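**Student:** what follows is a predicted protein model with its sequence.
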Amino acid sequence: MKRCFLNVLLVCTTFAISAPPLSAGSPQPNQLTDQEKAEGWKLLFDGTSMDAWRSYKKDSLNDGWKVVDGAMVRSEKGADDIVTKEEFDAFEISLEYKISAGGNSGLMFHVTEEGPEPYSSGPEIQIQDNVNGHDPQKSGWLYQFYRSEKDATKPAGEWNELRLILHPEKSEVFINGTKYYEFVKGSDEWNEKLANSKFASWPFFAKASKGHIALQDHGDAVSFRNVKIRPLEQ
């Protein structure tokens, strides 16, 4: 009996070590664990270079975005919204953000460059200071589509983790490891919410099934780190 108990304990301990929750993060910022590498994750920011990004509808970044202390920092006016150089369809993305007091930003997905702004085509997951922010859409909400009664955010000036799993069958959003909601893009429910939103008549909004990921310059200071992504099979 004692030997069996020890074996069970060993199995449980091994599982906990080999499959940590993503919210636990990497041992150091902007690095992947061996497990993450094996699972197909790759960094969109390595702590020193923003080579994976460019300004929306431009070939490069302007000086409003800088790398500071291992983070991508929107530090100056006119920094521009930025997009990944690569396009993605089904994927899982995880990043940490630090928003300034009263600040606002966002992460958009399936962004094309047909419209004047990234949000012309890409649905946005809100990023803001939930205490002193001015937008009724709270951090982690899918703008004008899905909301959560939960608030797992840490205060402005502290790091928060945003995680999005985007898949045609089911998508999910987490803040600091807490699941906020799930959705199916293009479902009847989605289309009903779209019809009741300000985006209903926008010609390019949410039409693409593949596109860039965008980070928003909303005029406020915001930092990002541990930005990583992995493709998902459809």
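**Tutor:** It's in.
**Student:** and the pLDDT for Ala19?
**Tutor:** Ala19 carries a pLDDT value of 34.
**Student:** actually Phe5, not the one I typed
**Tutor:** For Phe5, the model assigns a pLDDT of 36.
**Student:** and what of Leu10?
**Tutor:** 35.
**Student:** now swap in Glu113 and tell me
**Tutor:** On the pLDDT scale, Glu113 gets 97.
**Student:** ok, now Glu117?
**Tutor:** For Glu117, the predicted pLDDT is 98.
**Student:** that one touches Asp81, doesn't it?
**Tutor:** Yes: using C-beta atoms under 8 Å, Glu117 is in contact with Asp81, at 6.8 Å. Quick note: C-beta positions are derived from backbone N, CA and C, even for glycine.
**Student:** flag the shaky bits of the chain, pLDDT-wise.
**Tutor:** 1-27 (pLDDT under 70).
**Student:** higher neighbour count, Glu117 and Asp81?
**Tutor:** Asp81 (21 against 15; other C-beta atoms under 10 Å).
**Student:** pretty sure that one contacts Ile213?
**Tutor:** No: Asp81 is not in contact with Ile213 according to C-beta under 8 Å; the separation is 11.0 Å.
**Student:** any idea which element Leu32 lies in?
**Tutor:** Following DSSP states H and E, one finds Leu32 outside all helices and strands.
**Student:** surely it and Arg230 touch.
**Tutor:** No: applying C-beta under 8 Å as the test, Leu32 and Arg230 come out as separate, 9.9 Å apart.
**Student:** what do the two both touch?
**Tutor:** 41-42 (C-beta atoms under 8 Å, 6 or more residues apart in numbering).
**Student:** how many residues are close by Val111?
**Tutor:** 28.
**Student:** quick one: secondary structure of the nearest residue to it once chain neighbours are set aside?
**Tutor:** The shortest distance from Val111 to any non-neighbouring residue, by C-beta to C-beta, 6 or more residues apart in numbering, is to Gly122 (3.5 Å). The local conformation at Gly122, judged by DSSP: H, G, I helix; E, B strand; the rest coil, is coil.
**Student:** and the residue lying closest to Leu194 once chain neighbours are set aside, what element?
**Tutor:** Excluding its sequence neighbours, the residue lying closest to Leu194 (C-beta to C-beta, 6+ apart) is Ala200, at 6.1 Å. Under the criterion DSSP H and E, no helix or strand holds Ala200.
**Student:** and Ala200, how far from Glu192?
**Tutor:** 11 Å (C-beta to C-beta, to the nearest Å).
**Student:** do the same with His134
**Tutor:** In terms of C-beta to C-beta, His134 sits 28 Å off from Glu192.
**Student:** on that earlier part again, just list the residues touching the residue nearest to Val111, thanks.
**Tutor:** 108-112, 206, 211-212, 214.
**Student:** what does Ser94 give?
**Tutor:** Ser94 touches 22, 161-164, 226-229, counting by C-beta under 8 Å, 6+ apart.
**Student:** direction included, what does whichever strand or helix holds Lys66 pair up with?
**Tutor:** For Lys66, the host element (DSSP H and E) is strand 65-68. According to DSSP bridges, strand 65-68 forms sheet pairs with strand 71-74 (antiparallel).
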